[in-house]
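[1] Sequence and predicted structure are below.
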There are 2 protein chains.
Amino acid sequence: MLADDRRYMAAAIALSERGRGLSTPNPNVGCLIVKDGRVVGRGWTQKGGRPHAEAQALEQALDRARGATAYVTLEPCFHLSPRGPRCADLMARAGVERVVIALRDPDPRTDGQGAAWLREQGIVVEMGLMAAEAARAMRGFVLRQTLGRPSVTLKLGLSIDGRIALADGRSRWITGPHARAHAHMERARHDAILVGGGTSRADAPRLDVRLPGLEDRSPRRLLLSRGDAPQGWERIGAPEEIAALERVDHLLVEGGAGASAAFLRADLVDRLLLYRAPILIGDGLAGIGDIGLSDLGQAHGRWRIMDARALGVDRLEVYERVRNA
Amino acid sequence: MLADDRRYMAAAIALSERGRGLSTPNPNVGCLIVKDGRVVGRGWTQKGGRPHAEAQALEQALDRARGATAYVTLEPCFHLSPRGPRCADLMARAGVERVVIALRDPDPRTDGQGAAWLREQGIVVEMGLMAAEAARAMRGFVLRQTLGRPSVTLKLGLSIDGRIALADGRSRWITGPHARAHAHMERARHDAILVGGGTSRADAPRLDVRLPGLEDRSPRRLLLSRGDAPQGWERIGAPEEIAALERVDHLLVEGGAGASAAFLRADLVDRLLLYRAPILIGDGLAGIGDIGLSDLGQAHGRWRIMDARALGVDRLEVYERVRNA
């Protein structure tokens, strides 16, 4: 039973990933409805936040939701909104018998009340299954609630020896087509992309998603600079200003060394997304500038590797910031 | 049958690794003797090159060698030597029925004659099984024969961003105890270790093997420098001089950035042995200096990853130089 629950919840979390980079201002939730061992409804938060995952899944399930189990990556909302119905309400009215929830909603307007109300309606509620995995999929929303800012991923395409370009700045190409396609997919799953002024001037990057069918998923473009932003770009003057960005839960920082270092110095990087080419560059441009490290001891215990695998001849390495909050 | 042959040959190759760093001036060969599905003899080239792997394995097997199959990672020697018997001769006299050989001996004094002579004695000989794997285990010997120089491994302990120290040179510690123990094990399997003058002056490294039971496996110490070598060290003035080093088939270069770059510039590095700590350093010392790269295109296609795995919180990455000779 628990093995089945984990399997269904893992599927709901995978669905939730589909809404990442699209669902703001709402969290990217995933929902699966299962009746007698058959999936009868699947949903994820849609573009702009509505419909919610649960509403979409229930609409698919129709009558088959009666007596079913719903798997939701986040506690169903219970606060009234002019934008749509309350999901806890929808669940009860559809006759769902059991609701398995990964993460309790940290939003103080729900924060356990959705689950409590469902229980009052006689529905079996279990909360906490794969909460860490669900929080990782909705990390932008979670960090908004806990630290009041978006989740930040720092992306680097670099050599074995940590260089991102030759000494004169040439960087085409370090990584190959598989890595570049993966990087474009990652862009599509972020609300905004940021580069520093130097990179903007040197590379004039388009920062769009060049993958068939995903062109319209190109995120907003931000510039970290003291100067003006060109047409189509928004400017911020310091990494801390990301907290004030509306509708940005997932931010991708794409360099260069100065912008990367500025975000790391401010401890505003939650995830490193590294594409490592099997090449040596030697003297060249470093991927990361001065991060204010005065002692090697400080450097340890901050990053944990979460994924490492081949992408063509290159390798993907994903690290997460360890925060013992 | 072939699956069994591969299994036994893989074991013989593993045995050959025991002699690496000890067997010069002879290749580190491994030998397994199998009779009726049972291993009756195991051998590897001993310290200083004698006894040979085959002699040791046959001495274990005694009468059980009669009618047995011998798995040898290198073609049995057939040239006369004042230092010991010819292995082809020993095999025939012991009554071995079948000899499976991985690598044909590139030494012109044998070069197929050992196999031919065995066949003349009515022994079944098969040559070429897992030749690439065997050559990798005996790469120092093979490179001596083909390029006239030792095999060179470049070792680096570095951060995610490719730094080997803080900007002021402090490097204690980047990697943890698992990675350091692994690096000491690697030292024991090389004939000599080399560092550059800067590293020698800054770190005064002992370069010994600090593993219980392996203290006497500490390799010779070489200094790449224009100045004098301290007591207990030998000096070379340029990377190319390694070709003239006697009794050095496997050389480990342990930095710093200047020595590493000098060997890479001369295309004298065959293997990268990287211990990557999950830390960021930002501004700091690079692991590799100027390697003379004028174009990113030149950098590609030279290195292939052979191994990547966890060593405690650190990661081991092994790359091999791709040589399309």
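    Right, received. Where do you want to start? Keep in mind that what you see is a predicted model, and the values were worked out from it rather than measured.
[2] could you pull out the strands for the stretch 101-250 of chain A?
    Assigned strands in the stretch 101-250 of chain A, in chain order: A:124-127, A:151-158, A:163-166, A:192-196, A:220-224, A:234-236, A:250-253 (criterion: DSSP state E, counting those that start in this stretch).
[3] Please report how far A:Leu252 lies from A:Ala183.
    Taking CB to CB, to the nearest Å as the measure, A:Leu252 and A:Ala183 are separated by 9 Å. C-beta coordinates here come from the backbone N, C-alpha and C atoms, glycine included.
[4] that older thread, pick the most deeply packed of the strands of the stretch 101-250 of chain A.
    Among these, judged by mean count of other CB atoms under 10 Å in any protein chain shown, the one packed with the most neighbours on average is strand A:250-253 (a mean of 27).
[5] so what does that one touch, helix or strand wise?
    Helices and strands touching strand A:250-253, by 3 or more CB pairs under 8 Å, 6 or more residues apart in numbering or on different chains; DSSP states H and E, are helix A:139-146, strand A:151-158, strand A:192-196, helix A:257-265.
[6] count of neighbours near A:Asn324?
    By the measure other CB atoms under 10 Å in any protein chain shown, the count of residues near A:Asn324 is 4.
[7] swap in A:Val39?
    A:Val39 sits with 17 neighbouring residues when counted by other CB under 10 Å.
[8] before we move on, the earlier item: save the strands of the stretch 101-250 of chain A as a markdown table, and put in distance to B:Val40 too.
    A markdown table is the format used below for those (distance: least, CB to CB, whole Å):
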| stretch | distance to B:Val40 |
| --- | --- |
| strand A:124-127 | 61 |
| strand A:151-158 | 52 |
| strand A:163-166 | 54 |
| strand A:192-196 | 66 |
| strand A:220-224 | 70 |
| strand A:234-236 | 74 |
| strand A:250-253 | 62 |
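[9] Leaving out the residues flanking it, which one is nearest to the closest residue to chain B within the stretch 101-250 of chain A?
    Nearest residue of the stretch 101-250 of chain A to chain B, counting by CB to the nearest CB: A:Gly162, 2.1 Å away. Distances taken as CB to CB, 6 or more residues apart in numbering or on different chains place B:Gly162 nearest to A:Gly162, at 2.1 Å, with adjacent residues excluded.
[10] residues touching that neighbour, list them.
    Residues touching B:Gly162, when contacts are defined by CB atoms under 8 Å, 6 or more residues apart in numbering or on different chains, comprise A:158-163, A:286-287, B:286-288.
[11] let's see 6 Å
    A:161-162, B:287 (CB atoms under 6 Å, 6 or more residues apart in numbering or on different chains).
[12] and the end-to-end length of stretch A:210-217?
    One end of stretch A:210-217 sits 9 Å from the other (CA to CA, to the nearest Å).
[13] related to what we said a few turns ago, I'd like to know which of the helices and strands packed on strand A:250-253 is closest to B:Arg189.
    Relative to B:Arg189, the nearest member of these by CB to CB is strand A:151-158, separated by 29.9 Å.
[14] Dump the closest one to CSV, keeping only the CA atoms.
    Once non-C-alpha atoms are left out, strand A:151-158 reads as follows in CSV (Å, rounded to 0.1, in the frame of the first residue of the first chain):
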residue,chain,number,x,y,z
SER,A,151,14.7,30.0,-5.9
VAL,A,152,17.9,30.7,-7.8
THR,A,153,19.7,28.2,-10.0
LEU,A,154,23.2,29.2,-11.2
LYS,A,155,24.0,27.6,-14.6
LEU,A,156,27.6,27.2,-15.9
GLY,A,157,28.9,25.5,-19.0
LEU,A,158,32.5,24.8,-18.1
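[15] Direction included, what does that strand pair against?
    Strand A:151-158 has the following strand partners under DSSP bridges: strand A:250-253 (parallel), strand A:271-276 (parallel).
[16] Out of these, flag the one nearest B:Ile101.
    The closest approach between B:Ile101 and any of these, judged by CB to CB, belongs to strand A:271-276 at 38.4 Å.
[17] Any chance you could list what contacts the closest one?
    By CB under 6 Å, 6+ apart, the residues outside strand A:271-276 that reach it are A:153-157, A:175, A:179, A:314-315, A:317-320.
[18] thinking again about what came up before, how about TSV for the helices and strands packed on strand A:250-253, with distance to B:Glu75 and mean pLDDT added?
    Formatted as TSV, the helices and strands packed on strand A:250-253 follow (distance: least, CB to CB, whole Å; pLDDT from 0 to 100):
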stretch	distance to B:Glu75	mean pLDDT
helix A:139-146	59	95
strand A:151-158	44	97
strand A:192-196	59	95
helix A:257-265	53	96
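[19] Tell me the buried residues in stretch A:18-30?
    Applying a neighbour-count criterion of 16 or more other CB atoms under 10 Å in any protein chain shown, the buried positions in stretch A:18-30 are A:18-24, A:26-30.
[20] swap that for stretch A:84-91, please
    By 16+ other CB under 10 Å, the buried positions in stretch A:84-91 come out as A:85-91.
[21] and what of stretch A:96-116?
    In terms of neighbour count (16+ other CB under 10 Å), stretch A:96-116 has its buried residues at A:96, A:98-107, A:110-111, A:113-115.
[22] Just the ones in helices from the residues you listed, please.
    A:113-115 (DSSP state H).
[23] Can you give me the neighbour number for the closest residue to A:Tyr8 other than its chain neighbours?
    The shortest distance from A:Tyr8 to any residue that is not its chain neighbour, by CB to CB, 6+ apart, is 4.6 Å, and that residue is A:Tyr71. Counted with other CB under 10 Å, residues neighbouring A:Tyr71 total 30.
[24] Could you look up the SS state of A:Tyr71?
    For A:Tyr71, the secondary structure call by DSSP: H, G, I helix; E, B strand; the rest coil comes out as strand.
[25] A:Met9 is in contact with that one, correct?
    Yes. Between A:Tyr71 and A:Met9 a contact is recorded at 5.1 Å, counting by CB atoms under 6 Å.
[26] Contact residues of chain A facing chain B?
    Of all the residues in chain A, those in contact range of chain B (CB under 6 Å from any CB of the partner chain) are A:161-162, A:261, A:278-279, A:282-283, A:287-288, A:290-291, A:293, A:299-300, A:303, A:305.
[27] Now a PyMOL select for only the buried ones of the residues you listed.
    The buried residues among the residues of chain A next to chain B can be selected in PyMOL (16+ other CB under 10 Å) with this line:
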select buried, chain A and resi 161+162+261+278+279+282+283+287+288+290+291+293+299+303+305
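[28] What is the nearest of the residues of chain A next to chain B to B:Pro230?
    Closest to B:Pro230, out of all of the residues of chain A next to chain B and judged by CB to CB, is A:Gly282, at 28.3 Å.
[29] so which helix or strand takes in the nearest residue in space to that closest one that is not next to it in sequence?
    On the basis of CB to CB, 6+ apart, the spatially nearest residue to A:Gly282 that is not a chain neighbour turns out to be B:Ile291, at 3.5 Å. Secondary structure from DSSP states H and E places B:Ile291 outside every helix and strand.
[30] Let's see the distance spanning stretch A:186-206 from one end to the other.
    Terminal residues of stretch A:186-206 lie 15 Å apart, using CA to CA.
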